[in-house]
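**Q** Task: produce atomic coordinates for the following.
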Amino acid sequence: MKNVICKAIENKNLLEFNYKGYYRVVEPFTFGINTKDNEVLSAFQVKGESESGNRPMWRLFDLEKIENMRVLSENFSGHRDGYKKNDSRMDRIYCEI
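**A** Reported below is the predicted structural model:
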């Protein structure tokens, strides 16, 4: 899944998946390992649902909880308010915008 996510980030493709039982569509920005040694995706959710009911917003997704991920053909600009390169929540970054 690492290569799929990094390719989506490189090509600025939207991702869709289920997370904690909710359908999500996100703009992927940063993928790596957080301070708890989990693989995580920092993304801006543009469609779908969430536990909080809030959307759109920035979210950090634990890869172990992502199901049925699919890369969409739809692209995004790669620019979003609130994005910070070299995300400090990650100890190691595999790829980022």
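
**Q** pLDDT below threshold where in the chain?
**A** Applying pLDDT under 70 to the chain picks out residues 54-56.

**Q** all strands in the protein, in order from the N-terminus.
**A** 13-19, 22-34, 39-48, 57-62, 66-75, 90-96 (DSSP state E).

**Q** So for the fourth one, what gets flagged as buried?
**A** Along strand 57-62, the positions that meet the burial threshold by neighbour count (16 or more other CB atoms under 10 Å) are 58, 59, 61. C-beta: built from backbone N, CA, C; applies to glycine.

**Q** and it, what other elements does it pack with?
**A** In terms of contacts (3 or more CB pairs under 8 Å, 6 or more residues apart in numbering; DSSP states H and E), strand 57-62 is packed against strand 22-34, strand 39-48.

**Q** Export these as TSV, with columns for mean neighbour count and distance to residue 77.
**A** What follows is the helices and strands packed on strand 57-62, written out as TSV (neighbours: other CB atoms under 10 Å; distance: least, CB to CB, whole Å):
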stretch	mean neighbour count	distance to residue 77
strand 22-34	20	8
strand 39-48	20	11
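
**Q** could the ones you listed go into TSV alongside distance to residue 91?
**A** Below are the helices and strands packed on strand 57-62 laid out as TSV (distance: least, CB to CB, whole Å):
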stretch	distance to residue 91
strand 22-34	5
strand 39-48	10
